[in-house]
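Colleague: missing the sequence, but the structure's below:
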């Protein structure tokens, strides 16, 4: 999924994972209208469940390997 439903801002170092507080690299927009932020680890851990309730997923985990 990509940012096709609504324009989203790039994630910054100030965006924190809702699960553990680490830097967030994924924004999940929920069908219910809310949003959740996740680090790469927690997104991988909950990926299958989140995709069932997400209207959009903004994945910026490629920033972890870009140099």
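Modeller: Thanks, I have the structure now. Bear in mind the structure is a predicted one, so any value in this text is a computation, not a measurement. Residues are numbered from 1 along each chain as shown.

Colleague: Can you identify each of the helices in the protein by residue range?
Modeller: Ranges of helices in the chain, per DSSP state H, are 40-53.

Colleague: For this protein, give me the ranges with low pLDDT.
Modeller: 1-7, 66-67 (pLDDT under 70).

Colleague: Run through the strands of it in chain order.
Modeller: With DSSP state E as the criterion, the chain has strands at 26-30, 35-38, 54-59.

Colleague: To residue 20, which of these lies closest?
Modeller: Ranking those by proximity to residue 20 (C-beta to C-beta) places strand 35-38 first, at 8.8 Å. Where you see a C-beta, it was placed from the backbone N, CA and C, and this is true even at glycine.

Colleague: thinking again about what came up before, tabulate the strands of the chain (CSV), appending distance to residue 18 and mean neighbour count.
Modeller: Shown next, in CSV, are the strands of the chain (distance: least, C-beta to C-beta, whole Å; neighbours: other C-beta atoms under 10 Å):
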stretch, distance to residue 18, mean neighbour count
strand 26-30, 9, 20
strand 35-38, 5, 20
strand 54-59, 14, 17
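
Colleague: got those as JSON lines, with distance to residue 12 columns?
Modeller: Formatted as JSON lines, the strands of the chain follow (distance: least, C-beta to C-beta, whole Å):
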{"stretch": "strand 26-30", "distance to residue 12": "11"}
{"stretch": "strand 35-38", "distance to residue 12": "11"}
{"stretch": "strand 54-59", "distance to residue 12": "13"}
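
Colleague: how about those strands, which one is nearest residue 16?
Modeller: strand 35-38 (6.6 Å).

Colleague: Ok, which of the strands of the chain comes nearest residue 65?
Modeller: strand 54-59 (12.6 Å).
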